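**Q** Everything below, folded, please.
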Amino acid sequence: MSERIGIVGGTFDPPHIAHLMLAEEALHSLDLDEVWFIPVYTPPHKNMKSDSTPEQRLELIKAAVKDHPDFHVSTIEYERRGPSYSIDTIRMLKEEYTAASFYFIIGGDMKAQLHTWKDIELLKKLVTFAVADRPGYFAEKMDEDGIQYIEAPLLDISSTDIRERMRLGKSIRYYVTEEVRDFIEKQGLYE
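**A** Numbers count the residues shown, from 1 in each chain. Model prediction:
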């Protein structure tokens, strides 16, 4: 029996409620068996200037999903170290899970940048991109191979905003799970 697996990749610096809500909506609307969160060790497209270490970001995403029976954390990119490209990760996953169908869950902001991804045309053949609008980023919904559109609540929350709130001493309650907030506060992150 083939599994239908959603993938949410990112830096998760920190993971927040919008990440989880998008994954939950994709889980149900695409009839997925599981959603895997894959934290990147070193993102190839971002200049990481963060107070958090890759180890702390891994613990943050584990804390965020620990109570959901269908959400899991894959450390495939973390274990590889260095910059990670989605095409390399997907190739490895396809080799290991030959019967699985993968759905790469992204927001409209990422859809607009897909043309910059390494080997994007091949990647579109290996996965289906599940695209949801984000505040300020509304994907033009047209028939494209490898793209499927999903509906999700428009939550205007970003990791950048959460880090800024922490720097300003503002509350992040309800922006992140209690486990994530507890970890951030105990580690003194983003202050």
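**Q** roughly how far out does stretch 20-38 sit from the chain middle?
**A** In terms of CA atoms, centre = their mean, to the nearest Å, the centre of stretch 20-38 is found 11 Å from the chain centre.
**Q** sorry, that was for stretch 93-109
**A** The answer for stretch 93-109 is 12 Å, by CA atoms, centre = their mean.
**Q** Output it as PDB - backbone C-alpha positions only.
**A** Provided in PDB are the C-alpha atoms of stretch 93-109 (Å, rounded to 0.1, in the frame of the first residue of the first chain):
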ATOM      1  CA  LEU A  93      13.300   9.900   0.200                       C
ATOM      2  CA  LYS A  94      12.100   8.400  -3.100                       C
ATOM      3  CA  GLU A  95      14.900   5.800  -3.000                       C
ATOM      4  CA  GLU A  96      14.100   4.800   0.600                       C
ATOM      5  CA  TYR A  97      10.300   5.000   0.300                       C
ATOM      6  CA  THR A  98       9.600   3.700  -3.200                       C
ATOM      7  CA  ALA A  99       5.900   3.300  -2.800                       C
ATOM      8  CA  ALA A 100       5.200   6.700  -1.200                       C
ATOM      9  CA  SER A 101       3.700   9.700  -2.900                       C
ATOM     10  CA  PHE A 102       5.200  13.000  -1.600                       C
ATOM     11  CA  TYR A 103       3.400  16.300  -1.400                       C
ATOM     12  CA  PHE A 104       5.600  19.300  -0.800                       C
ATOM     13  CA  ILE A 105       3.500  21.800   1.200                       C
ATOM     14  CA  ILE A 106       4.400  25.500   0.500                       C
ATOM     15  CA  GLY A 107       2.900  28.900   0.800                       C
ATOM     16  CA  GLY A 108       2.200  31.300  -2.000                       C
ATOM     17  CA  ASP A 109       5.400  33.200  -1.300                       C
END
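**Q** Helices of this protein, residue ranges please.
**A** Along the chain, the stretches classed as helices by DSSP state H are 17-29, 54-65, 76-80, 86-96, 108-111, 120-126, 159-167, 178-187.
**Q** what does the first one rub up against?
**A** By CB atoms under 8 Å, 6 or more residues apart in numbering, the list of residues contacting helix 17-29 from outside reads 6, 8, 10, 12, 32, 34-35, 37, 64-65, 68, 70-71, 103, 105, 107, 130, 132, 134, 150-153, 155, 157-158, 174-177. (Each C-beta comes from the backbone N, C-alpha and C, glycine too.)
**Q** So for that helix, mean pLDDT?
**A** Across helix 17-29, the average pLDDT comes to 96.
**Q** the bottom helix or strand of this structure by mean pLDDT?
**A** Sorting the helices and strands of the chain by mean pLDDT, DSSP states H and E puts helix 108-111 at the bottom, at a mean of 83.
**Q** Quick one: list the elements packing against it.
**A** Packed against helix 108-111, as judged by 3 or more CB pairs under 8 Å, 6 or more residues apart in numbering; DSSP states H and E, are the following elements: strand 128-132.
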